[in-house]
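Colleague: One predicted model, sequence on top.
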Amino acid sequence: MRKTLLLLIILAILLAIPLVASSYVLGIFIMVFFFALIGQGWNILCGYTGHISLGHSLFVGIGAYISTCLYLSFGLTPWIGMILGGSGAFLVGILMGYLGFRFGIRGIYFVLLTIAFAEISRLIALHMQFLGSFSGLFLDFQPSFYNMQFRSNVPYYYVILGLCIFSIVIVKALERSKMGLYFIAIRESEEAAWSLGVNIFRYKVYAVGISAFVTALGGTFYANYLFHLHPNGIMGVGLSIELILCPLIGGPGTAFGPLIGSFILTPLAEISRAYFSKGGLEGLHLAIYGFLTILVVLFLPKGVSFYLQRLVEGFLPGNSSV
Amino acid sequence: MLLRVAQLTLMGVLAGGIYGLTAMGLSLIFGVMKVINFAHGQLMVIGMFLTYWILMTFGVDPIFSFLIAALIVFSLGYFFQALLINRIIGFPVASQVLVLIGLGLIIENVLLLVFGPDHRSVNTSLSLKTFWVAGLMVDVARLATFVLAMAIAVSLFLFVKKTDAGRALRAAADNRLGARLAGINVNRVQNICFGMGAATAAAAGAFLTALMPINPHMGHTFTMTAFIIVILGGMGNMKGALVGGIILGVAEALSTLYLLPSLKQIVSFAILIGIMLWRPQGLFGEKS
């Protein structure tokens, strides 16, 4: 009960932020929710079933390219393009999961399979005239609700906030469903889950598909927020690494982990990027990322949200339920 | 056409030898620690920049200075293992991967801070020297580095098979507890092992400095290439890594007959997916 109240208060604050924040600050919040969203997508597969993907930028790219190409060629609104992009990513995810799990690939081999899929797609995208080849694809700025392009950061803020909440709702629903329980059973022990009659192959494939769908939503948003798509940026290993750090630091396998992690990491990255790049220190924020990652794995292996939750429960006596 | 295929094959073999050397280091580290070194390419790039720096400052040619680079990176690797990686042995795969990716990010960006983002290329005493054999052009620098890479690979192999330290290494790889019971300081063996794996990567990097422009962001590509080779040859199999390197070098070189050079990596990734789906233990690995 009190927990619901706390969530409502946080939601009210988040909804009110555009009333007070400057456009620059709003831009940082938008990136926070963007990384929380694609991190949540990763979290569905990796946090819940334990199969690590290092190629999730592939799905960001698919979401971005499908909606953008449909918009540029047929004038289709990105709002529908987003769903089609997500569905495309879902299908690719299903294919990848089917191929990988059909042959019993797991652990480090699965990690490499995901990298291989993402890198092959990136290289192919880089050589397609249709996608602007080496200079990338540019969107014309024609602000309207139909085009999902806006003059100010405020509408973008609400769009990405909505998507981010949507992703959390999906994960919460998943946690309460049978499928979510199967995912967790697979993470804890595939053999045990299998011996209890869980169709582990099917549920692992579903996990990749759902995860890809959510991640691709972020891709469409990215395209319409930044107006420029380049395969190296949007399908590269760099983005794949960046997007897993938020759920990892926040707490993998929790619904709020990616958001909490993103609130810690993204402002840090944005501010240090802006601050250090002036002094010719552009790589420093990534070095800090690396350092933080190591510290978190060594000292906070369950992620920040685990400790935060204990803290919150300390303040809310008489409510120990999760 | 036949001549062109032969020429490309030769170039592929020469490049593949250096690939194989890097992959051997990765394979050695995996064989002993069961840890996948996601920072391998970055260690290689350290070797490149050390070689570059030595050449620019003291004018020492890479075919000699690779020893210094390897020695420095050996100490770095020893230090990383002692400080960091010994702590994460036995962690879930995900955590290990993340720690090494973190390490790679630190290395890459520290190099970026020190040397800047520009591509740098060097001229060595052997650059652009060629000779002809049976209608094939042989690049002297490539041949020299190939021979050196093979020499290092063979001595590494002999070290692991014939010396006491190598036996300790293999014991630790087989059974950590057993090795410890037999009085082997397993942590120290692992430090040395990671150091050696890093040093072979650095030596390979030093050789490549003479052959291609370098920049701080090259690490990922080399890490991936080394992985593909290790999986092709069988995880933890050093001979497999060497042969796998040459196969991959030739495959990439021959692919330029049909594909743009910028697309040649697709061939390696396709090989990776193929080998994982149909023969995950690798060409030379035994079925587990």
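Modeller: Thanks, I have it. Treat the numbers as computed from the prediction; the structure is a model and nothing was measured.

Colleague: What segments of the chain are strands?
Modeller: With no chain named, the answer covers chain A. Taking DSSP state E as the criterion, chain A carries its strands at A:137-138, A:228-229.

Colleague: Chain B is the one I meant
Modeller: Assigned by DSSP E, chain B shows strands spanning B:130-133, B:136-139.

Colleague: do you know which of the ones you listed lies nearest residue A:181?
Modeller: strand B:136-139 (60.2 Å; CB to CB). Every C-beta, even on glycine, is put in place using the N, C-alpha and C of the backbone.

Colleague: Can you list the strands that the closest one pairs with?
Modeller: In the sheet, strand B:136-139 lines up against strand B:130-133 (antiparallel) (DSSP bridges).

Colleague: now the partner strand, how far from the centre of its chain.
Modeller: On the basis of CA atoms, centre = their mean, to the nearest Å, strand B:130-133 sits 27 Å off its chain's mean C-alpha point.

Colleague: avg pLDDT for that strand?
Modeller: The average pLDDT for strand B:130-133 rounds to 78.

Colleague: Quick check: buried residues in that strand?
Modeller: By 16 or more other CB atoms under 10 Å in any protein chain shown, strand B:130-133 has no buried positions at all.

Colleague: could you dump the strands of chain B to JSON lines with distance to residue B:118?
Modeller: Formatted as JSON lines, those follow (distance: least, CB to CB, whole Å):
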{"stretch": "strand B:130-133", "distance to residue B:118": "28"}
{"stretch": "strand B:136-139", "distance to residue B:118": "25"}
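
Colleague: my guess is residue A:110 contacts residue A:55, does it?
Modeller: No: here residue A:110 does not reach residue A:55: they are 9.9 Å apart, not a contact under CB atoms under 8 Å.

Colleague: Which residue ranges of the stretch 101-250 of chain A form helices?
Modeller: Using DSSP state H, counting those that start in this stretch, the helices of the stretch 101-250 of chain A run over A:108-126, A:153-176, A:178-188, A:190-195, A:200-226, A:231-234, A:237-250.

Colleague: these two touch, right, residue B:85 and residue B:35?
Modeller: Yes: counting by CB under 8 Å, residue B:35 is a contact partner of residue B:85 at 6.2 Å.

Colleague: Common neighbours of these two, please.
Modeller: Listed as contacting both residue B:85 and residue B:35 by CB atoms under 8 Å, 6 or more residues apart in numbering or on different chains are residue B:100.

Colleague: What sits closest to residue A:204 if chain neighbours are left out?
Modeller: Spatial nearest neighbour of residue A:204, excluding adjacent residues (CB to CB, 6 or more residues apart in numbering or on different chains): residue A:101 at 4.9 Å.

Colleague: Contact partners for the one you found?
Modeller: A:201, A:204-205.

Colleague: In terms of distance to residue B:59, which of those ranks first?
Modeller: For the contacts of residue A:101, the closest approach to residue B:59 (CB to CB) belongs to residue A:204, at 56.7 Å.

Colleague: hang on, isn't that closest one packed against residue A:53?
Modeller: No: contact between residue A:204 and residue A:53 fails when scored by CB under 8 Å: they sit 11.7 Å apart.

Colleague: can you redo the strands of chain A as JSON lines with mean pLDDT, mean neighbour count and distance to residue A:44?
Modeller: Shown next, in JSON lines, are the strands of chain A (pLDDT from 0 to 100; neighbours: other CB atoms under 10 Å in any protein chain shown; distance: least, CB to CB, whole Å):
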{"stretch": "strand A:137-138", "mean pLDDT": "84", "mean neighbour count": "18", "distance to residue A:44": "28"}
{"stretch": "strand A:228-229", "mean pLDDT": "87", "mean neighbour count": "19", "distance to residue A:44": "24"}
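
Colleague: Give the burial count for residue 56, as a bare number.
Modeller: With no chain named, the answer covers chain A. A total of 30 residues lie near residue A:56 under the criterion other CB atoms under 10 Å in any protein chain shown.

Colleague: Correction: the question concerned chain B.
Modeller: By other CB under 10 Å, 11 other residues sit near residue B:56.

Colleague: Determine whether any part of the top helix by length along chain B lies close to chain A.
Modeller: Ranked by residue count, the top helix of chain B under DSSP state H comes out as helix B:2-33. No: on the criterion CB under 8 Å from any CB of the partner chain, helix B:2-33 is out of touch with chain A, staying 9.0 Å away.

Colleague: Can you list the buried residues in stretch B:135-149?
Modeller: Buried residues in stretch B:135-149 (16+ other CB under 10 Å): B:138-139, B:141-146, B:148-149.

Colleague: so where's the stretch 1-150 of chain B shaky on pLDDT?
Modeller: Applying pLDDT under 70 to the stretch 1-150 of chain B flags residues B:126-127.
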